[in-house]
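> sequence first, then the predicted structure:
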Amino acid sequence: MTFEEFVSARLGALIRYATVVTWDPYLAEDITQDVLVRAQARWGRIGRLDAPEQYVKRMVLNEFLSWRRRRAAHLMFVPRETLDGMSPHEPDRTGAVDDRDLTRRLIAGLPAKHRAAISLRYYEDLSDEQIAELLGCRTGTVRSYLSRGLAALREALPAEWVRT
Amino acid sequence: MNPDIDDLVREAVRRQEMLAVDPDHIRAALPARAARRRTRTRVTLATVAAAVAIAVTVPIIVVRDNGNSDGPATSSTAGPNQAGAPLYYRPTWLPAGMVERRRSVSIHGALEFAERYWKRTSADDSASGQQIILTTKVRASSEDPAPNVDINGTPGWYDDIQSSVSWQVDEDTKLTLMAPELGLSKEVLLRIARSVKPDPTRMRPPLRLDWVPDGVADQRLQVRGDSPTTWKATILSADDKVHYLAVSVGTAADTASGETVTINGHTAQLAQVDEKDAERPSYRTRWLLTMDLGDGRQLTVRSGSAGYSAASELTRDDIIRIAEYAQVDADPDLAWLGR
């Protein structure tokens, strides 16, 4: 598979994955572009892998986690109106705040690795072991991320929303 | 029965997935991104002393005042041509009360598209996503799964989670109709989709950018409002997420508290700002210029850059020059707003 074939076939899935892992569509776009440029330069090797898509997804995850480290002390913001227009074809839903969106917004407030673990479990359906391998930590740590993340959500959500 | 936490998280993940930007947008930006990376690499290897000053091209858009065309010899025109921007398609049936509030079109970009928005509420009601969106993308091919609906004899793909339907209306053109927050039934959404017809209308831009230096890629012109007397048009240019520049004209009133300058006989306020928004940690706004054009209209120039960029930003003189070269339509075609 050439790089162009990969992008043609899998870019949609890749950007959706990045959007869930980063929990920020704009950051996902930025990271996906960066990763694809780097992957293109090394496609000779990546393209020969059994699962190039999994490799590129791992690049996205690594870039996100390293980006968080680089950026942690340096967050900057922009008016929502401006960013509304930055992304062609995205429906104007950035300001939509309703009850159905509460869980999504609460997840956005979780620590990055908790959120990444939740994304990998609920979006990719990965096991604790697979998540641990991707995050570079022990299985017990993944269980802790998931457990603490879900506990935080349970605590923050209205009690009548969640079946116990 | 209440859902358990697993169900709620899965639903949240699905909603997050829906926010993904269009893959075509990323695909179109890849060559510029790769070129930028090559440039950076060369600069790094050569250990150029002034690397910070030259590693990233600063986007500057110069907007010409109405009528005069004596701009710099190296300038180029940005924005739809005099014939206006094509809108391609429109639905000929919509649920009662839905009126057009917003249009967005590509200008000078690798990706050609038009988006049209219909709402029951005000265009500025940003808290409401209750709208119908028709997106036309040119030179776009479908990446959708196997078709599951028929749109006037053309295979289409209906997604009940997004409340959307997309179909390849011809070899080069993909249409997507979305109504994610309206709660429309599948039947109603398909009825709208099947009513979509070609629309020869072209949107004449209320604002034009007459000169753009090399390296600036304009992205879109957006016009939004409730009526021909309450509107705003913006040309937005983003330099690969490193810089952005937004030039607007309309009836909305921004206020910059800062230096008073005179531009083409108009009084303007220019301020260095540090605007923040809790939603998106991507850019910071550094410059805001507001200029009263008379007749209840205002020109606004905003610029900023990503927080992680070490590149230089636009200067005071750049911002003033941008406003100086603005070309504003004295009689904009806005009759479609609110219809």
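Yes, it's here. All values derive from a computational prediction rather than experimental measurement. Residues are numbered from 1 along each chain as shown, chains lettered A, B, ... in the order given.
> low-scoring stretches of the chain, by residue?
Went with chain A since none was named. A:67-100, A:160-164 (pLDDT under 70).
> I was thinking of chain B, sorry if that wasn't clear
B:1-3, B:36-83, B:108-111, B:124-129, B:140-145, B:161-162, B:211-219, B:238-243, B:275-284, B:305-313.
> top strand in it by residue count?
strand B:283-294 (DSSP state E).
> past that strand, which element shows up next along the chain?
Using DSSP states H and E, the helix or strand that follows strand B:283-294 in sequence is strand B:297-306.
> wait, B:Tyr244 sits on B:Leu236?
Yes - using C-beta atoms under 8 Å, B:Tyr244 is in contact with B:Leu236, at 7.0 Å. Backbone N, C-alpha and C define where each C-beta goes, glycine included.
> domains of chain A?
What automatic domain parsing lists as the domains of chain A is A:1-75, A:97-164.
> now check the longest one, is it near chain B?
Yes - interface with chain B: domain A:1-75 contributes A:7, A:9, A:11-12, A:15-16, A:18-20, A:23-30, A:32-34, A:36-38, A:40, A:70-71, A:74-75 (C-beta under 8 Å from any C-beta of the partner chain).
> are any of the residues you listed buried, and which?
A:7, A:11-12, A:15-16, A:18-20, A:23-30, A:32-34, A:36-38, A:40 (16 or more other C-beta atoms under 10 Å in any protein chain shown).
> how about the helix or strand containing A:Ala117, does it reach chain B?
A:Ala117 is located in helix A:112-122, with elements delineated by DSSP H and E. Yes - residues of helix A:112-122 are located near chain B by C-beta under 8 Å from any C-beta, namely A:Ile118, A:Ser119, A:Tyr122.
> contacts for the next helix or strand after that helix next, please.
Using DSSP H and E, the helix or strand that follows helix A:112-122 in sequence is helix A:128-135. Identification of contacts with helix A:128-135 by C-beta atoms under 8 Å, 6 or more residues apart in numbering or on different chains yields A:58, A:61, A:65, A:113, A:116-117, A:120-121, A:126, A:138-139, A:141-143, A:145-146.
> can I get helix A:128-135 in CSV, CA atoms only?
C-alpha atoms of helix A:128-135 as CSV (Å, rounded to 0.1, in the frame of the first residue of the first chain):
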residue,chain,number,x,y,z
ASP,A,128,-6.3,-3.4,29.4
GLU,A,129,-3.2,-5.1,28.1
GLN,A,130,-3.4,-3.5,24.7
ILE,A,131,-4.0,-0.1,26.2
ALA,A,132,-1.0,-0.6,28.6
GLU,A,133,1.2,-1.4,25.6
LEU,A,134,0.1,1.7,23.8
LEU,A,135,0.4,4.0,26.8
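> and the angle for that helix with helix A:112-122?
130 degrees (axes from the mean of the first three to the mean of the last three C-alpha atoms, to 10 degrees).
> could you list the buried residues of helix A:128-135?
A:Asp128, A:Ile131, A:Ala132, A:Leu134, A:Leu135.
> which SSE is immediately downstream of it?
helix A:139-156.
> for stretch B:163-182, list every residue counted as buried.
B:163-169, B:173-182.
> of those, list those near chain A.
B:Thr176, B:Met178, B:Pro180, B:Glu181.
> now, which of the residues you listed lie within helices?
Among these, no member falls in helices (DSSP state H).
> and the residues you listed, which is closest to A:Arg105?
B:Glu181 (15.4 Å; C-beta to C-beta).
> thought the closest one was touching B:Ile133?
No - using C-beta under 8 Å, B:Glu181 is not in contact with B:Ile133, being 10.5 Å away.
> next one: the residue nearest to B:Pro86 when sequence neighbours are not counted from B:Leu289, what distance?
Once flanking residues are discounted, B:Pro86 sits nearest to B:Arg202: 5.6 Å by C-beta to C-beta, 6 or more residues apart in numbering or on different chains. Distance, B:Arg202 to B:Leu289, using C-beta to C-beta, to the nearest Å: 30 Å.
> same question, A:Asp128
From A:Asp128 to B:Leu289 the distance is 54 Å (C-beta to C-beta).
> can you check B:Leu221 too?
19 Å.
> so how far is stretch A:104-112 off the chain centroid?
Taking C-alpha atoms, centre = their mean, to the nearest Å, one finds stretch A:104-112 lying 11 Å from the centre of the chain it belongs to.
> and the contacts of that stretch?
Contacts for stretch A:104-112 (C-beta under 8 Å, 6+ apart): A:23-24, A:64-65, A:68, A:97, A:115, A:118, A:149, A:152-153, A:156-157, B:9, B:12, B:15-16.
> ramachandran coordinates for the residue nearest the centre of chain A?
Note on chain A: the residue nearest the mean C-alpha position is A:Val21, at 1.1 Å, using C-alpha atoms, centre = their mean. Main-chain torsions, A:Val21, degrees, to the nearest 10: phi -70, psi -40.
> show me what the longest strand of chain B is packed against.
Helices and strands touching strand B:283-294, by 3 or more C-beta pairs under 8 Å, 6 or more residues apart in numbering or on different chains; DSSP states H and E, are helix A:80-84, strand B:266-275, strand B:297-306, helix B:316-324.
> redo that, cut-off 7 Å
strand B:266-275, strand B:297-306, helix B:316-324 (3 or more C-beta pairs under 7 Å, 6 or more residues apart in numbering or on different chains; DSSP states H and E).
> B:Ser303 bridge partners, please.
In this structure, B:Ser303 bridges to B:Leu245, B:Trp287 when assessed by DSSP bridges.
> surely it meets B:Val247?
No - checked against C-beta atoms under 7 Å, the pair B:Ser303 and B:Val247 is beyond contact range at 9.2 Å.
> so what's the residue lying closest to the residue nearest to the centre of chain A once chain neighbours are set aside up against?
Nearest residue to A:Val21 in three dimensions, chain neighbours excluded: A:Ser119, at 4.9 Å (C-beta to C-beta, 6+ apart). Shown in contact with A:Ser119 (C-beta atoms under 7 Å, 6 or more residues apart in numbering or on different chains): A:Val20, A:Val21, B:Val13.
> how much space separates A:Ser119 from B:Leu19?
13 Å.
> check B:Ser166 too.
From B:Ser166 to B:Leu19 the distance is 17 Å (C-beta to C-beta).
> domain assignment for chain B?
Split by automatic domain parsing, chain B gives B:5-37, B:56-81+B:205-328, B:85-202.
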